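# model this:
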Amino acid sequence: MDAEEFMRGRVYGADHDDPHPGPRAGHVYRELVGGPLDGLLLDVTGWDGERLRQGAALATEIGAFGPGGRAAYQPRPGDAHRWDWCGDMP
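Purely as a prediction, here's the structure:
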């Protein structure tokens with residue numbers, strides 16, 4: 001299994017050794033599309049409408065800036081359940 005296959009269907013922030021890294025019942029998710037976190041699910045349970053519209057800058061070690069860097073994702077126009085990658089930042 002390669003790294004991309006390993007991460008598909010996983011929830012962003014799940015421990016690598018979590019025996020159940022996928023979505024959990026009762027939670028709300030957004031699919032991350034493109035960039036270093038492509039295919040991961042972001043748990044947005046409890047986020048209000050404004051926070052959902054803003055998107056997120058998510059910590060990642062596999063982006064352009066390595067450890068300490070972030071990948072920015074924004075809701076896709078017309079499909080708010082998918083968030084598109086906007087770029088990496090330090």
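# what comes up buried for stretch 23-39?
29-33, 35-37 (16 or more other CB atoms under 10 Å). All C-beta spots, glycine's among them, are computed from the backbone N, C-alpha and C.
# swap in stretch 77-90?
83-85, 88.
# ok, the longest strand seen in the chain: who's next to it in the sheet?
In terms of residue count, the longest strand belonging to the chain (DSSP state E) is strand 79-89. Within its sheet, and counting by DSSP bridges, strand 79-89 is paired with strand 29-33 (parallel), strand 69-76 (antiparallel).
# closest to D17 out of these?
Of all the strands paired with strand 79-89, strand 29-33 sits nearest to D17, with 20.9 Å by CB to CB.
# got a list of contacts for the helix or strand just after the closest one?
Sequence order places strand 41-43 as the next helix or strand after strand 29-33, per DSSP states H and E. Contacts with strand 41-43, where a contact means CB atoms under 8 Å, 6 or more residues apart in numbering, come from 9-13, 22-23, 27-32, 56, 58, 73, 83.
# and if you look at stretch 65-80?
In contact with stretch 65-80 (CB under 8 Å, 6+ apart) are residues 30, 32-33, 35-37, 42, 52-53, 55-61, 63, 82-90.
# tell me the buried residues in it?
For stretch 65-80, by 16+ other CB under 10 Å, it's 69-73, 75.
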